[in-house]
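A.B. asks: I need the structure of the sequence given here:
(one chain, ligands or ions: 2)
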Amino acid sequence: MPRIEHVAVTPVAFRDPPLLNAAGVHEPWCLRSIIEVTIEGGITGLGETYGDDGIRRCLEAAAPALVGLDVTDLAGLERAAQAACAATTIPAKESSSRTGQDMLVARVFGAFEVAATDALARHLNLPVASLLGGQVRDSIPFAAYLFYKFERHRFDPSIPADPWGEALTPEGVVEQARRMVALHGFRSLKLKAGVLEPEAEVEALLALRAAFPDAPLRIDPNCAWHVHTALKLLPKMLPVLEYLEDPVPGITPMAAVQAACPIPLATNMCVVAWAHLAPAIRQDAVRVILSDHHYWGGLRASRELARICAVWGLGLSMHSNSHLGISLAAMAHLAAATPNLTYDCDTHYPWLDDDLIEGGKLPITDGALRVPPGPGLGVTLDRAKLAAMHADWQRCGIRKRDDGTEMRKYQPDWQDKRPRW
Ligand SMILES: O=C([O-])C(=O)C[C@H](O)[C@@H](O)C(=O)[O-]
Ligand SMILES: [Mg+2]
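C.D. replies: Numbers count the residues shown, from 1 in each chain. Ligands and ions are numbered 1, 2, ... in the order given. As a prediction, this is how the structure comes out:
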């Protein structure tokens, strides 16, 4: 198979609305890293991952070591990722609290694995889904991802208010849901919680149920609740939820809630690496895994995770962070090749203004994205937009996502406290 001839890592920034969560509020810019792996014959495969400085420096350190590897040599890619992460010092305050060394390697390797798989699939003139075991569906259902939000980034007057407006009340959340459903036809609704008093958030959930009687609903407080709070709120939430996502921090507290809860608990927080699976399954802590190829180690690792979920009778869906179309295309091909995808996937994509792929944003209609037709991931970089988003990265001044510091601009004594309630 062709060898890798060149690897480029380009940091980019794009506008992000002031979305609230348990960690604070989104900054005006979101950072991502764009990966290009060019193989003999001139074909280039694409990947996209986190853009914080720590991971970016690991990606840049690994890139030259990939040159000369056969594009199918995933073991070689992984060794290069391991060596680069070991050689790169990431100051503690720059690394995410949930990013141990193995997880950092999985993130770095995963980004290259997607780009190498895209290159190989293009070389073979096949869609990426074909290399992941074959396509079992050609349309991927997504959920509307609803956020409490401020009207605008108040501390950056150069940024105009976005079209979504403020959402800090049940009425505001319902209005946001109506707009998102009108734009994209979503069937399922997810409310990002952990922002207001839990009772107020459950009120918003009930308002969503009243406005959307048939929509599968989820709420995700990102571990902001104590076990006793989650248990107290269960009777109100149970009749309306399809699953409850990460109400409390840690496997053992999640198990305590799950034991009292007839509906599944879902997580993208307490099971985020292979080592977490055995204790979580042993304790019956969660019944749905929200997988994410960006941190599980790429597309093939995510297929392996899906198999484990099927074996153990766990539900499976997909987590998302703010992202661009390369990640969305990768999620779509992975979802297309995953038979046991049991819930509509998450995506932040509707919050994105503009994409850096040719043709602009991928269309989500009737609550679903058609898998971009191959070869490869089926998306191509728009070079002018890549250059513009790189220039935005150069000037935006943000080098690590920090929702807490952004939140303290609005509320100086605000602290990230989990559980808070
Ligand atoms: O499901 C989740 O936990 C997420 O999507 C995490 C994200 O960081 C979300 O809270 C956000 O974008 O604010
Ligand atoms: Mg979550």
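A.B. asks: count of neighbours near Arg152?
C.D. replies: 18 (other C-beta atoms under 10 Å). Heads up, the C-betas are built off the backbone N, CA and C, glycines and all.
A.B. asks: distance of the most centrally placed residue in the chain from ligand 2?
C.D. replies: Geometric centre of the chain, nearest residue: Ser320, 1.9 Å, by C-alpha atoms, centre = their mean. Counting by C-beta to the ion, to the nearest Å, the gap from Ser320 to ligand 2 is 9 Å.
A.B. asks: which helix or which strand is home to that residue?
C.D. replies: Per DSSP states H and E, Ser320 falls between elements, in no helix or strand.
A.B. asks: now do the buried residues in stretch 59-76.
C.D. replies: 59-63, 65-66, 69-71, 73-74, 76 (16 or more other C-beta atoms under 10 Å).
A.B. asks: what do you get for stretch 337-355?
C.D. replies: Result for stretch 337-355 [16+ other C-beta under 10 Å]: buried residues 337-338, 341-352, 355.
A.B. asks: now it - C-alpha only, PDB.
C.D. replies: Extracted C-alpha coordinates of stretch 337-355, given in PDB (Å, rounded to 0.1, in the frame of the first residue of the first chain):
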ATOM      1  CA  ALA A 337     -20.800   1.100   9.800                       C
ATOM      2  CA  THR A 338     -22.000   0.500  13.400                       C
ATOM      3  CA  PRO A 339     -25.000  -1.800  13.500                       C
ATOM      4  CA  ASN A 340     -25.800  -1.400  17.200                       C
ATOM      5  CA  LEU A 341     -26.200   2.400  17.200                       C
ATOM      6  CA  THR A 342     -29.200   2.500  19.500                       C
ATOM      7  CA  TYR A 343     -29.900   6.200  20.000                       C
ATOM      8  CA  ASP A 344     -29.800   9.400  17.800                       C
ATOM      9  CA  CYS A 345     -26.300  10.900  18.000                       C
ATOM     10  CA  ASP A 346     -25.200  14.200  19.500                       C
ATOM     11  CA  THR A 347     -23.800  17.000  17.400                       C
ATOM     12  CA  HIS A 348     -22.900  20.600  18.000                       C
ATOM     13  CA  TYR A 349     -23.000  21.200  14.200                       C
ATOM     14  CA  PRO A 350     -26.100  23.400  14.100                       C
ATOM     15  CA  TRP A 351     -24.300  25.900  16.200                       C
ATOM     16  CA  LEU A 352     -21.500  26.300  13.600                       C
ATOM     17  CA  ASP A 353     -21.700  29.400  11.200                       C
ATOM     18  CA  ASP A 354     -19.600  28.200   8.400                       C
ATOM     19  CA  ASP A 355     -17.500  25.200   7.500                       C
END
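A.B. asks: for it, give the mean pLDDT please.
C.D. replies: If you average the pLDDT over stretch 337-355, you get 98.
A.B. asks: tell me if it is near ligand 2.
C.D. replies: No. Residues of stretch 337-355 contacting ligand 2 under C-beta under 5 Å from the ion: none, with a closest distance of 7.4 Å.
A.B. asks: list the contacts of Val174.
C.D. replies: 204, 207-208, 211 (C-beta atoms under 8 Å, 6 or more residues apart in numbering).
A.B. asks: please indicate which of those residues are buried?
C.D. replies: 204, 207-208, 211.
A.B. asks: where along the stretch 301-421 of the chain do the helices fall?
C.D. replies: Remark: helices assigned in the stretch 301-421 of the chain by DSSP state H, counting those that start in this stretch are 325-336, 383-396, 403-410.
A.B. asks: meant to ask about the stretch 1-150 of the chain
C.D. replies: Using DSSP H, counting those that start in this stretch, helices in the stretch 1-150 of the chain cover 53-66, 74-87, 101-124, 128-131.
A.B. asks: format the ones you listed as TSV; extra columns: mean pLDDT and distance to ligand 1.
C.D. replies: Formatted as TSV, the helices of the stretch 1-150 of the chain follow (pLDDT from 0 to 100; distance: least, C-beta to the nearest ligand atom, whole Å):
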stretch	mean pLDDT	distance to ligand 1
helix 53-66	97	15
helix 74-87	96	22
helix 101-124	97	15
helix 128-131	98	23
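A.B. asks: hey, which of those is tucked in deepest?
C.D. replies: helix 101-124 (a mean of 24; mean count of other C-beta atoms under 10 Å).
A.B. asks: now the angle from that one to helix 53-66?
C.D. replies: 50 degrees (axes from the mean of the first three to the mean of the last three C-alpha atoms, to 10 degrees).
A.B. asks: what's around the residue lying closest to Ser139 once chain neighbours are set aside, how many residues?
C.D. replies: Setting aside the residues directly before and after it, Ser139 is nearest to Ala368 in space (C-beta to C-beta, 6 or more residues apart in numbering), at 4.5 Å. By other C-beta under 10 Å, the residues close to Ala368 number 21.
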